[in-house]
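Undergrad: Sequence and computational prediction follow.
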Amino acid sequence: MNRTVQKRALVTCFALAGCFTIFSCRLVELQVTKHDEYAALAAQNHVTRQTITARRGLIQDIHGESLAQNEPVRTVVADASLIGDRAEVAGLLSSVLGMPHPQVMEKLNREVFSQALKKNVPSPYIVLKKEVPENVASDLEAQLAERKLRGVYFEPSATRVYPNEQMLCHILGYVNGQNVGMDGVERTMEDFLRGHDGFRYSERDRTGKEIVPYRGQEKDARNGCNVRLTIDMGLQNIVEMELDAAIKQFHPKSATVILMQPKTGEILAMANRPNFNLNVEEGVPEDHRRDRAITDIVEPGSTFKIVTVAAALTEKIVHPGTMINCENGYFAAAKLHDHHPFPDLSVNDILVKSSNIGAAKLGIQLGDQKFYEYVRRFGFGERTGVSLPGEVGGIVHPPHLWSKISITRMPMGQEVGATPLQVATAMCAIANGGHLMMPQIIHDITDDQGHPITQFPPQEVRAVASKSATDAVRDALVEVVSPRGTAALAHVVGYKVAGKTGTAQKPEPDGHYGHDRYVVSFVGFMPADDPAFVALVLLDEAQVAHDKNYGGMVAAPIFSRIGEKAARYLGLKATEEVPVGSVVAGQNVHSDYRDQ
C-alpha cells in the first residue's frame, strides 16, 4: 500500500474517531449533563397539571333548604402545541361557544408555546371560555372527536346559583368571577365555604389523549363546608310577599322588614327593598346591593321611647302609674309639641299615647349621663355583631356634645341615629325580660359529609333593664295595639300583640325637620306574654296622604298581615278569644294613629 493510500486511510480513521467522539460527548451531555432540563421540556409537551376544583359549600336555611348551590359547568381550554388547523378549530369553537371568530383566532394565535418554553413553565394553556354548560361542552367535545381535531380540553368546574333569585339577596351576598365571596354570608363565611382545590399530573400521547396508567402525583380537593342559617324560608316567603305588596301600595324610597326570635337573637327573616337578582352579575346598581337593615342610619322616632320608659322604671324614678304633666300639648321650656293635647298622662300612657312631652320629662328626670348610659346599654351607638359585612354602629353623641335641648329630643327618638336591626334588637330585649341578645344569622357549619364543624349558640351581650321594668313596658305596649293606642291596626285577631309605632321626620340639609318626608315604622312582638317573634316594619318616604303618613297607619297594618300569616305558619296557639267586632288590619277604628 503506497503512502498516499495509507495517509488517506489514517485521515479517514481520525475523522471517524473525531465524529464518534463529538457525538459521544453530545450524547453524554444530553443524557447526563442536561438530562433534567430536556426531561422537563419533554414533560411540558406531554404532562399536564390538572386542577381538581373544590366544591364551594352550600348555604341552607334552618330546615336545610338550599339557598346557594353549585351548578356543574366546564372550562374550555386549549393546548397550543397540539392544535393543527387553527382556522378549523376556531370556526368550530366560534360556532358552538357563541364567541366572535376573530376573538377565538386571536386567542389561538398567541405564541403561548414559545413563551412557555422560555419561562420553563407547564405546557401551553389557553382559557377559551369559562362556565360553559355541560350540554354545550358535551356537544363541542363530540364534534371535535368527529372531526379528529385535538388540542381542546374540558375542565370540570362549577358556577354559583341562587335558586330563589332576589330572595335573601342582601343576606346571602354573591361571588365574583373567581368564586370568591363578595358580600353577605358568602363573604363573612368565605374561609369555610371556599374549600381547597386539588391537582393531578397526567401524561398525554401525541394525539392529546390522556394515558391513564401514567398518571403522576395527585392531591384530592377538599370541598367547602356547608353553612346553615337561622333563616326560616317559610317566614321569609311571608315577609317578602308582604314587603312587595307594601312597595306596590306605598312606593317608598326604601323599606325593611326584620323577624327575630327574642329569646335567642336568631334572625328568622329579613328583607330590604330595593333588591336585586343574585343570578344577574351585570347592571345591578350599587344602591340596590346595600343591606339597609344594617347599613342605613335613621332616626328611630317614637319606637325609641321604649328605652326611655324602661330606663326610668329600672332606676325606680317612676312607676307605671306615676302621672306626668304633659303641658296640654306644648312644653314651652323645650319648645316641644305633642300631636294631641294631654294635661296629665301616666308613665304607662306616655307609651300608649306616644307623648313626646312625657318622654322628654322622663329623660330630664334621668339626667344626661344616666339616660346616655341606658341608650348605650340597649346597643345604640355600637354594632350589634351580626355576622354580615358592612354593619354600622349608628350615631349616639356623648353628653358633652349635646345641646341644651338634646335631653328633651333624644328620649323621643330624635338626635339619635340607629339601624333597623338595632331597633329590632332593642325590642327583643323588652320582649325577653331585659336581655340584649346578639343577633344571629348563622346557626351552624358542617363539612360536606354533614359532620358538625362549629355551632353558634345564643349570646347575651348584657342585661339592659330589670324584669319588672320590661314587664311594665310590655303591658303598655299591649295597650298601644288597642283602640286607645296608636297602633290599633297592628292587632292580630286571636293574639295579644305588643308594639310601638314610630313616625320620624327626616332632617333637611340645613338641620331642621321637614314636614313632608318621614320614616314610618312599627316594631312589636306576639304573643305578648310568650313572644315567638319580634317584627320590625320600616318604610322610608312612603307615598301617602299627609294625614295618613304615620307608623300606625302605614307600618302597623303590614305587621298585622305578617303576624297573622306567621302565627298560622308557626302553629301558634291563640291567646285570646275572638271578640265580636274585633279590630282587623285595614278596618276603620276609632283611634289616634299619630305619633312622632
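TA: Sure thing, it's come through.
Undergrad: residues contacting the spatially closest residue to residue 469 that is not a sequence neighbour?
TA: Residue nearest to residue 469 in three dimensions, not counting chain neighbours: residue 313, with 3.7 Å by Cβ to Cβ, 6 or more residues apart in numbering. Heads up, the C-betas are built off the backbone N, CA and C, glycines and all. Residues in contact with residue 313 (Cβ atoms under 8 Å, 6 or more residues apart in numbering) are 319, 320, 347, 465, 466, 468, 469, 472, 473.
Undergrad: Check which helix or strand residue 313 maps to.
TA: helix 305-314 (DSSP states H and E).
Undergrad: next SSE after that helix?
TA: strand 323-325.
Undergrad: model confidence over the helix holding residue 313, on average?
TA: For helix 305-314, mean pLDDT rounds to 98.
Undergrad: swap in stretch 90-101?
TA: 75.
Undergrad: Please renumber the chain so that the first residue is 15 from this point on.
TA: With 15 as the first residue, the last one maps to stretch 104-115.
Undergrad: next one: that stretch to chain centre, how far?
TA: Distance of stretch 104-115 from the chain centroid (Cα atoms, centre = their mean, to the nearest Å) equals 38 Å.
Undergrad: ok, now stretch 566-577?
TA: Relative to the centre of its chain, stretch 566-577 is centred 25 Å away, using Cα atoms, centre = their mean.
Undergrad: just stretch 368-385 next, same as before
TA: On Cα atoms, centre = their mean, the centre of stretch 368-385 falls 37 Å from the chain's centre.
Undergrad: now swap in stretch 341-355 and tell me
TA: Centroid displacement of stretch 341-355 relative to its chain, using Cα atoms, centre = their mean, is 43 Å.
Undergrad: hang on, the earlier thing: quick one: which of the contacts of residue 327 sit in helices?
TA: If you go by DSSP state H, the contacts of residue 327 have 361, 482, 483, 486, 487 in helices.
Undergrad: Please tabulate the residues you listed in JSON lines, including the columns pLDDT, distance to residue 116 and neighbour count.
TA: Shown next, in JSON lines, are the ones in helices among the contacts of residue 327 (pLDDT from 0 to 100; distance: Cβ to Cβ, whole Å; neighbours: other Cβ atoms under 10 Å):
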{"residue": "361", "pLDDT": "97", "distance to residue 116": "78", "neighbour count": "25"}
{"residue": "482", "pLDDT": "97", "distance to residue 116": "78", "neighbour count": "15"}
{"residue": "483", "pLDDT": "97", "distance to residue 116": "74", "neighbour count": "23"}
{"residue": "486", "pLDDT": "97", "distance to residue 116": "76", "neighbour count": "23"}
{"residue": "487", "pLDDT": "98", "distance to residue 116": "71", "neighbour count": "30"}
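Undergrad: from those residues, which is closest to residue 292?
TA: Residue 292 lies nearest to residue 487 out of the ones in helices among the contacts of residue 327, by Cβ to Cβ, at 39.3 Å.
Undergrad: Distance-wise, check that closest one relative to residue 550.
TA: 16 Å (Cβ to Cβ, to the nearest Å).
Undergrad: and the gap between the closest residue to residue 140 other than its chain neighbours and residue 112?
TA: Leaving aside its chain neighbours, residue 140 sits nearest to residue 92 (4.4 Å; criterion: Cβ to Cβ, 6+ apart). Residue 92 sits 17 Å away from residue 112, going by Cβ to Cβ.
Undergrad: Please apply the same query to residue 561.
TA: Distance, residue 561 to residue 112, by Cβ to Cβ: 57 Å.
Undergrad: How about residue 346?
TA: Distance from residue 346 to residue 112, by Cβ to Cβ: 75 Å.
Undergrad: Check residue 478 too.
TA: 59 Å.
Undergrad: So those two - more neighbours on which side?
TA: Remark: of residue 478 and residue 112, residue 478 carries more neighbours, 22 against 10, as counted by other Cβ atoms under 10 Å.
Undergrad: Averaged pLDDT, the helix or strand where residue 39 lies. What do you get?
TA: According to DSSP H and E, residue 39 maps onto helix 17-42. Here helix 17-42 scores 74 as its mean pLDDT.
Undergrad: which other helices and strands contact that helix?
TA: Contact partners of helix 17-42 among helices and strands, from 3 or more Cβ pairs under 8 Å, 6 or more residues apart in numbering; DSSP states H and E: none.
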